[in-house]
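In: Can you look at this prediction? I've put the sequence above it.
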Amino acid sequence: MSTPELLHNHLGGQWIAGRGAGTALFDPVLGTELVRVEATGLDLRAGLAFAREHAGPALRALGYAQRAALLGAAVKVLQANRDTYYEIATANSGTVKNDSAVDIDGGIFTLGHYARLGESLGDRRHLLDGEAIRLGKDPLFQSQHVLSPARGVALFINAFNFPSWGLWEKAAPALLSGVPVVVKPGTATAWLTQRMVQDVVNAGIFPPGSLSVVCGSSAGLLDALTPFDLLSFTGSADTAELIRSHPAVARRSVRCNIEADSVNSALLLPGESAGSEAFELLAKEVAREMTVKSGQKCTAIRRVFVPQEHYEAAAQAISARLARTTVGNPRNEAVRMGALVSRAQFSAVQAGLARLQQQASTLHDGASHALVDADPAVACCLGPTLLGSRDAEVDVFHDTEVFGPVATLLPYRDLNHALSLVRRGEGSLVASVYGNDAQALQTAALELADSHGRVHVISPEVGSLHTGHGNVMPQSLHGGPGRAGGGEELGGLRALGFYHRRSALQASTRVLQGL
Ligand code: NAP
């Protein structure tokens, strides 16, 4: 048997192998070893300094529209290699084609979106923030806020569930802003990130050092950050806590964005009857969210709130849809839901499920799904499981994110009760609200807006048009307060704010003119 390839890192404008045997990446369905990653022995300080000192100035010498053209060229390279990315995703993430598309095509789409947005900014080298405002009675002396591209490097520490989208949704606004990027992907699925970076780097589109990738342990990366660098983390709340307390953030004030886990909700408004269009839209969306990427989406629905009189009907409607989900080997065309990404995730999901099951009934049991074309002793496949409890007050339902195909159905008495239960998530990425009464939907959406980065409102007229509870669109904000990490990403040009420094220029009107 040949030794699996050791993936190279790209740092300091060079491809470098780590020193050591490497950590193996596996096929979660077949259990076979695929490739290895290793970051030991890299000179991280020198690598980040190269990006800061060479790539940064070269990127900032261009205007926004010129950098946008580079993003557009990267899109072409990625599109030309899509087939390879799908093969890697099938092998390493265990995803069916539609789920691979969410990650791969979602990432390419987001990059393309920022290429188009950047074009509209023209060849300027900085952005203005608002109008000049006079500082005294005399209009001659004014204050103009400007946004200048950060002179540091952007370090991304990413989660395993979106090796493509997780890279490009961050890299697009960073590179468009003129800030070089170093990505450390989640180890379990690092292969796809590494290959995409390799293709774009080897195409010679960006100045050397603009796009780097370090695969394997993140040890030492944060130590190499300096005050003008930027750190964007996506992952669990536990790791986020470590990141926040690292001296780079706590002492050197490295700007830090955190996207953490979240116990997202779906809410059927009071007054909707069982079997109504809104009710069916909720059942459909819950089943979809539970099964897309085997529920390994930070935005997936974890808690489902329905009026107490519809608890039984909702349990049946969602379960009936889940029962139709075929689970197993993503290479088999009959399969709709593939695997969890690794043995470790499989065990973590089983443990989380067992924790919830101590307090909840199992309304649809994932174990009832026979695996298609996959060996249950080897494959990290798990059928979708709907849990439920008539007691919605139990803490564990509101503070436990099981990162897999699992959701819990909970009944509420009235709208105030429902809203208070949703808020027990202590800040989430997204809540979706289902109903038909525009006024009631608007009221509920505004009530939930302060505790959610996004409120997805589904009424029958958008039933077949809406973009999906868990789908993150580059036009809309992604992130959430409190437990969700307090971060903000995307939201069109708003995303550029993180990669710019705001400063007030106080000067005469004559000096400020033409900025
Ligand atoms: P994780 O274990 O927290 O890991 C996230 C990243 O941090 C990985 O690259 C990991 O590297 C790295 N890491 C681990 N320990 C570290 C440390 N001490 N210092 C610096 N980096 C460290 O999370 P995960 O299991 O990959 O991802 C699943 C979680 O991410 C879920 O809870 C999900 O909700 C959340 N998530 C949130 C969003 C969002 O946008 N809010 C999106 C996707 C996922 P290794 O892989 O090498 O351990």
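Out: Thanks, I have the structure now.
In: From now on I want contacts and neighbour counts done on CA atoms only, so please keep to that.
Out: Fine.
In: hey, which helix is longest across this protein?
Out: helix 97-119 (DSSP state H).
In: how far out from the middle of the chain is the very next helix or strand once past it?
Out: For helix 97-119, the following helix or strand on the C-terminal side (DSSP states H and E) is strand 127-134. Chain-centre distance of strand 127-134: 32 Å, with C-alpha atoms, centre = their mean, to the nearest Å.
In: what does the chain put close to the ligand?
Out: The chain has residues 157-161, 184-187, 216-218, 234-236, 239, 259-262, 298, 479 near the ligand, with proximity defined as C-alpha under 6 Å from any ligand atom.
In: Residue 482 contacts residue 424, correct?
Out: No: Residue 482 is beyond contact range of residue 424, at 11.0 Å (criterion: C-alpha atoms under 8 Å).
In: Just list whatever residues bridge to residue 36.
Out: Partner residues in beta bridges with residue 36, using DSSP bridges, are residue 6, residue 24.
In: If I look at it, what pLDDT would I see?
Out: According to the prediction, residue 36 has pLDDT 98.
In: Now for it: which residues touch it?
Out: 4, 5, 6, 7, 22, 23, 24, 25 (C-alpha atoms under 8 Å, 6 or more residues apart in numbering).
In: which residue packs closest to the residue sitting nearest the centre point of the chain, ignoring adjacent ones?
Out: When C-alpha atoms, centre = their mean is applied to the chain, the residue found nearest the centroid is residue 166 (5.4 Å). Spatial nearest neighbour of residue 166, excluding adjacent residues (C-alpha to C-alpha, 6 or more residues apart in numbering): residue 158 at 6.6 Å.
In: my read: the one you found touches residue 187, true?
Out: No: when contacts are counted by C-alpha under 8 Å, residue 158 is not listed as touching residue 187 (9.1 Å).
In: element containing the residue nearest to the centre of the chain, please.
Out: Per DSSP H and E, residue 166 falls inside helix 165-177.
In: any idea how the protein splits into domains?
Out: Here the domain parsing of the chain from automatic domain parsing is 9-260+490-513, 264-477.
In: Would you mind measuring the gap between the ends of stretch 387-404?
Out: In terms of C-alpha to C-alpha, to the nearest Å, the two terminal residues of stretch 387-404 are separated by 13 Å.
In: Ignore what I typed, I meant stretch 407-418.
Out: With C-alpha to C-alpha as the measure, the first residue of stretch 407-418 is 17 Å from its last.
In: and what of stretch 407-421?
Out: End-to-end for stretch 407-421, by C-alpha to C-alpha: 15 Å.
In: can you list contacts of that stretch?
Out: For stretch 407-421, contacts defined as C-alpha under 8 Å, 6+ apart pick out 267, 269-270, 290, 301-311, 315, 360, 385-393, 397, 444, 447-448.
In: tell me the SS of residue 10?
Out: Recorded secondary structure, residue 10: strand (DSSP: H, G, I helix; E, B strand; the rest coil).
In: Can you give me the pLDDT of residue 320?
Out: pLDDT, residue 320: 98.
In: following the helix or strand where residue 78 lies, which helix or strand comes up?
Out: For residue 78, the host element (DSSP H and E) is helix 64-80. For helix 64-80, the following helix or strand on the C-terminal side (DSSP H and E) is helix 82-93.
In: For that following helix, buried residues please.
Out: 82, 85, 86, 87, 88, 89, 90, 91, 92, 93 (16 or more other C-alpha atoms under 10 Å).
In: Likewise for stretch 500-510?
Out: Applying 16+ other C-alpha under 10 Å to stretch 500-510 flags 500, 502, 506, 507, 509 as buried.
In: Specify which member of those is nearest to the ligand.
Out: For the buried residues of stretch 500-510, the minimum distance to the ligand (C-alpha to the nearest ligand atom) is 20.7 Å, reached by residue 500.
In: where does that closest one fall, phi/psi-wise?
Out: phi -120, psi 160 (degrees, to the nearest 10).
In: ok, what's across the strand from it?
Out: Bridge pairing for residue 500 - DSSP bridges - gives residue 149.
In: Report the contact partners of it.
Out: 147, 148, 149, 150, 177.
In: Please determine how far it is located from residue 117.
Out: 16 Å.
In: thinking again about what came up before, what sits against the residue nearest to the centre of the chain?
Out: 103, 107, 158, 159.
In: Can you tell me which of those is closest to residue 139?
Out: Nearest to residue 139 among these, counting by C-alpha to C-alpha, is residue 107 at 47.1 Å.
In: helices or strands up against the host helix or strand of residue 429?
Out: Residue 429 belongs to strand 428-434 when elements are defined using DSSP H and E. Using 3 or more C-alpha pairs under 8 Å, 6 or more residues apart in numbering; DSSP states H and E as the contact definition, the elements that strand 428-434 packs against are strand 264-268, helix 277-291, helix 438-449, strand 452-458.
In: winner for burial among those?
Out: strand 264-268 (a mean of 28; mean count of other C-alpha atoms under 10 Å).
In: Show me what that one is packed up against.
Out: Packing partners of strand 264-268 (3+ C-alpha pairs under 8 Å, 6+ apart): helix 277-291, strand 301-307, strand 428-434.
In: Can you give the strand pairings for that strand, parallel or anti for each?
Out: Strand pairing (DSSP bridges) places strand 264-268 next to strand 301-307 (parallel), strand 428-434 (parallel).
In: Quick one, which of those strands gets closest to residue 16.
Out: Residue 16 sits nearest to strand 428-434 of all the strands paired with strand 264-268, at 36.9 Å, using C-alpha to C-alpha.
In: Now for the closest residue in space to residue 72 that isn't next to it in sequence: which residues touch it?
Out: Once flanking residues are discounted, residue 72 sits nearest to residue 115: 5.4 Å by C-alpha to C-alpha, 6+ apart. The contact partners of residue 115, by C-alpha under 8 Å, 6+ apart, come to 68, 69, 70, 71, 72, 172, 176.
In: wait, which of these is closest to the ligand?
Out: Of all these, the ligand sits closest to residue 172, with 15.5 Å by C-alpha to the nearest ligand atom.
In: The closest one touches residue 111, doesn't it?
Out: Yes: with contact defined as C-alpha under 8 Å, residue 172 counts as touching residue 111 (5.3 Å).
In: State the distance from residue 121 to residue 493.
Out: 10 Å.
In: With residue 357 instead?
Out: 43 Å.
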